[in-house]
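S.K.: Just need the structure, nothing else, for what follows:
(chains A, B, C and D)
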There are 4 protein chains.
Amino acid sequence: MRRMIPTSFSSKFQGVLSMNALRCYVSEFISTFFFVLAAVGSVMSSRKLMAGDVSGPFGVLIPAIANALALSSSVYISWNVSGGHVNPAVTFAMAVAGRISVPTAMFYWTSQMIASVMACLVLKVTVMEQHVPIYKIAGEMTGFGASVLEGVLAFVLVYTVFTASDPRRGLPLAVGPIFIGFVAGANVLAAGPFSGGSMNPACAFGSAMVYGSFKNQAVYWVGPLLGGATAALVYDNVVVPVEDDRGSSTGDAIGV
Amino acid sequence: MRRMIPTSFSSKFQGVLSMNALRCYVSEFISTFFFVLAAVGSVMSSRKLMAGDVSGPFGVLIPAIANALALSSSVYISWNVSGGHVNPAVTFAMAVAGRISVPTAMFYWTSQMIASVMACLVLKVTVMEQHVPIYKIAGEMTGFGASVLEGVLAFVLVYTVFTASDPRRGLPLAVGPIFIGFVAGANVLAAGPFSGGSMNPACAFGSAMVYGSFKNQAVYWVGPLLGGATAALVYDNVVVPVEDDRGSSTGDAIGV
Amino acid sequence: MRRMIPTSFSSKFQGVLSMNALRCYVSEFISTFFFVLAAVGSVMSSRKLMAGDVSGPFGVLIPAIANALALSSSVYISWNVSGGHVNPAVTFAMAVAGRISVPTAMFYWTSQMIASVMACLVLKVTVMEQHVPIYKIAGEMTGFGASVLEGVLAFVLVYTVFTASDPRRGLPLAVGPIFIGFVAGANVLAAGPFSGGSMNPACAFGSAMVYGSFKNQAVYWVGPLLGGATAALVYDNVVVPVEDDRGSSTGDAIGV
Amino acid sequence: MRRMIPTSFSSKFQGVLSMNALRCYVSEFISTFFFVLAAVGSVMSSRKLMAGDVSGPFGVLIPAIANALALSSSVYISWNVSGGHVNPAVTFAMAVAGRISVPTAMFYWTSQMIASVMACLVLKVTVMEQHVPIYKIAGEMTGFGASVLEGVLAFVLVYTVFTASDPRRGLPLAVGPIFIGFVAGANVLAAGPFSGGSMNPACAFGSAMVYGSFKNQAVYWVGPLLGGATAALVYDNVVVPVEDDRGSSTGDAIGV
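M.R.: Below you'll find the model as predicted:
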């Protein structure tokens, strides 16, 4: 079902409620929880240290480094259990590409959403002095412009995930998560002060839920989902077409 | 006794005072010494450069990067000698999971503590102008909240260590230390200004010992030890159960 | 044609307009687009956060980190499709070394240029408040001095690309992109405030095109192209001569 | 002669003036040149951006990141040609451990010194507005304290080099340079504002030569050479003794 899972983990059970599937949801939960804790926590952390003045350069540098480090690690720790999605846009793209089934994708999404809300709640409860921050769009940008930018960022992120998890590329799979995190960090540095640099609908959802405002939420869903799906289609149909290794030794793992 | 040690290193001697065991304690000593030197030294370094104003953003950015780089490297250099614990919470979790014996864990702890105190002493003696800093909790947090936060951070750290050192995952083991360091860096960025972002009881102990104040010390022991042990139990019983590869080629290395 | 491409991708078609070649151009387009988006976007991002005062240290730190992270990832995602050039100076050096044909190099250049212009256009259209920035030379430097410095930086970058993509070195190829990005980051930190730290003619071209000024453009072409070609010649003729493994198992992939 | 060199490169010629040896010196030259360019250039870069006020936190953060990125890459590009020393303290330790001959070490040192002076000259000539900076000791420290601190830092660095280049450890060698760079970065963050955080006598020599003052030069030679030699002896005699794999498959590469 997922290409990068060794047979001993994936081949025993098939249903979305099997023991094996439940393990995947727990794995996604832990990874997403950790990522959101670091992504949202680092914004709170930089905000505290700048005495509320979040418009300074630290407001993008600290979250960007936190995103890079945390996404690398959180993808790594669920890499060959659940596939290391951590992001509903990745899960959506995987479903569009036929790599996971739609019911599985729904459970992944649920798991990611709950994890994000929980991480924001932990931050809210332990750090009592601040509100949980939400992603914001720069005053000069339109909502459409922000969606486009977030979509482009998500395109690159999902494209990298497809590269990193593609056994046909002949790249050792374990270094992939490093590059996935690096993309996230670079994207936040480039677009953080403009569109927010979320790329992750779960992260935007959790913080909005705990903060209590869903303003601009559509921007953080429409852009990333469309961008991610486009990346999946470009990757599979243009750059590394599945037909290319029809009949090769790994061919039987494709499109399951 | 430790999964990642090649047979030529581990299979010759068994006792906690064998030559092989002593080598492990020396290895843990060197790794922990280096990690504490960088973690505590970077706080002193940033403090000197900010003329004592440690409440600015550099006070978390510089130590966070130092934690990421130093933990990656210090885990790496003892990775297949002593297992690269560097942290009493990791050692505790390994003992809870049955991967090392309790007597071995006691010697590891002793080695880590002495290393941490020695590193802080070297800093105190060579850098004469400053006191060694200790971990602090933000004024608005409760001790309980800080324990919870440190516990959550240690959960993620130990979970990553378990992932990285698990041969059943099929991940090349040598890249694991990179991600372990990345988790530490992300955690400091997220929680440094709130609970201190220690995650490492040895580090908290050494600096408190040399500074001469054990205030809040319990926070840096209870949280990480409980969080780490929980991670061990979740990893081994829920996400990647040992039964899963019973009878496989690596099965005989489990639970020794 | 390119050493690092598995036979199943490269051996089927030969022409510069074959399906396989087109795929390489698309891959270069995506990688260069992402790199320029991050490299130029991060300058805009730091400029916004510093309220226009780009002469502060963040003006080099944020773009340097963005360069390191983005170049690593963008090389990685086209690593064994198109070779991960991302940079006309790399493509030029590969052509000088006989690793790719001159017609292929022309198409790569075209693809990289268009990608760079497109990335700058996306930034200009979505981020409406700022002009796209262009690379600048410090007031005290001569154009010749800046060319020399950019040439030296490009030498190191191309030399690293040659190391990373050389199967004769016996290094696992997939970690190579990490070091290529690291070189870019270090170079920007060292030379950013002096010569601009571009090393990439496509990046300089795209931002100049969208900004509408080609001042100093020659500096960002002459230096990197000469520096890169020198690196190719030194690598192939002095440090790791091709004759060295004449007749070895990988020898038949050399000089195609 | 050097453990990590494939037979096809090292076994043909033996003398210190053979073609193969000359290639190693060129490789060391290029690596050291690049490292010093980045290490010293980043100090000049941060100094320019802070308008001469080098006592701020950027004065350690920017050079530390430059050291980490540049040392990783410069070790990588000469990793299996010349062994990736880049540092006279590493070469000295390799000679003390019997891994390279004393005449070879002398040529390596010469190559590293010339490279460092050349890199500083390039910076001096192209960046006309500033003097090349030299390493300084904090006012409150004694020269002895600084030597001790530099020695401890070099111990960790050399110990990591020995770990990364030891085929008996069973770690994939190509990721080693990442950790070597990470150690350098962490060390600069911890000790930069106190003892300077050089760890590299060549780097200190080159900048002192071009600046024209050898004040405190002894600190940057005595500490690192003693610290590095100690690391070599501890590694080979205590932690990973050579006797351990006497007769194993890699045993014949030891002590040549």
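
S.K.: Kindly list the main-chain dihedrals of the residue nearest to the spatial centre of chain A?
M.R.: Centroid-nearest residue in chain A, with CA atoms, centre = their mean: A:Asn87, separated by 2.7 Å. Torsion angles at A:Asn87 (phi, psi; degrees, to the nearest 10) stand at phi -150, psi 120.

S.K.: Repeat that for A:Ser82.
M.R.: According to degrees, to the nearest 10, A:Ser82 has phi -100, psi 0.

S.K.: which ones are touching the residue nearest to the centre of chain A?
M.R.: By CB atoms under 8 Å, 6 or more residues apart in numbering or on different chains, the contact set of A:Asn87 is A:32, A:112, A:157, A:199-203, A:224. The way it works is simple: take the backbone N, C-alpha and C, and place the C-beta from them, glycine included.

S.K.: just checking, which of those residues belong to helices?
M.R.: Taking DSSP state H as the definition of helices, those contribute A:32, A:112, A:157, A:201-203, A:224.

S.K.: The nearest residue to A:Val60 once chain neighbours are set aside - how many residues pack around it?
M.R.: With sequence-adjacent residues excluded and distances taken as CB to CB, 6 or more residues apart in numbering or on different chains, A:Val60 is closest to A:Gly192, at 4.1 Å. A:Gly192 sits with 26 neighbouring residues when counted by other CB atoms under 10 Å in any protein chain shown.

S.K.: sorry, back to before: any idea how far the residue nearest to the centre of chain A lies from chain C?
M.R.: Distance from A:Asn87 to chain C, counting by CB to the nearest CB, to the nearest Å: 16 Å.

S.K.: Surely A:His131 is in contact with A:Ala208?
M.R.: No. Counting by CB atoms under 8 Å, A:His131 does not reach A:Ala208; the two are 11.7 Å apart.

S.K.: Settle it for me: which of those two has more neighbours?
M.R.: A:Ala208 (21 against 14).

S.K.: I'd like to check which residues are in contact with that one.
M.R.: Shown in contact with A:Ala208 (CB under 8 Å, 6+ apart): A:134, A:214-215, A:217.

S.K.: now, among those, which is nearest to D:Ala97?
M.R.: Lowest distance from D:Ala97 to those (CB to CB) belongs to A:Ile134, with 56.4 Å.

S.K.: Now the closest one: phi and psi?
M.R.: Dihedral angles (degrees, to the nearest 10) for A:Ile134: phi -120, psi 160.

S.K.: Same question for A:Glu140.
M.R.: Main-chain dihedrals, A:Glu140, degrees, to the nearest 10: phi -80, psi -10.

S.K.: how much space between it and D:Ala186?
M.R.: Distance of A:Glu140 to D:Ala186, computed by CB to CB, to the nearest Å: 40 Å.

S.K.: ok, those two, which is more surrounded?
M.R.: Legend: neighbour count by other CB under 10 Å for A:Glu140 and D:Ala186, higher for D:Ala186 (35 against 12).

S.K.: Now do the helix or strand harbouring the more buried one against helix B:176-195, angle only.
M.R.: According to DSSP states H and E, D:Ala186 maps onto helix D:176-195. Between helix D:176-195 and helix B:176-195, the angle formed by their directions is 40 degrees, by axes from the mean of the first three to the mean of the last three CA atoms, to 10 degrees.

S.K.: by contact count, what packs against helix D:176-195?
M.R.: Under the contact criterion of 3 or more CB pairs under 8 Å, 6 or more residues apart in numbering or on different chains; DSSP states H and E, helix D:176-195 touches helix B:19-49, helix B:58-77, helix B:176-195, helix C:176-195, helix D:58-77, helix D:143-164.

S.K.: Just put these in CSV and tack on mean pLDDT.
M.R.: CSV is the format used below for the helices and strands packed on helix D:176-195 (pLDDT from 0 to 100):
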stretch, mean pLDDT
helix B:19-49, 89
helix B:58-77, 91
helix B:176-195, 90
helix C:176-195, 90
helix D:58-77, 91
helix D:143-164, 90
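
S.K.: Out of those helices, the one nearest A:Ile77 is which?
M.R.: Nearest to A:Ile77 among these is helix B:176-195 (7.5 Å), distances taken as CB to CB.

S.K.: now the closest one, how far from the chain's geometric center?
M.R.: Helix B:176-195 sits 11 Å away from the centroid of its parent chain (CA atoms, centre = their mean, to the nearest Å).

S.K.: Also stretch A:204-213?
M.R.: 17 Å.

S.K.: Please identify the buried residues of that stretch?
M.R.: Using 16 or more other CB atoms under 10 Å in any protein chain shown as the test for burial, stretch A:204-213 gives A:204-211.

S.K.: closest to chain B among those?
M.R.: Closest approach between the buried residues of stretch A:204-213 and chain B, by CB to the nearest CB: A:Ser207, at 13.3 Å.

S.K.: Need the pLDDT of that closest one.
M.R.: At A:Ser207, the model reports a pLDDT of 88.

S.K.: That one against A:Leu37, yeah?
M.R.: No. Under the criterion of CB under 8 Å, A:Ser207 makes no contact with A:Leu37, lying 11.2 Å away.
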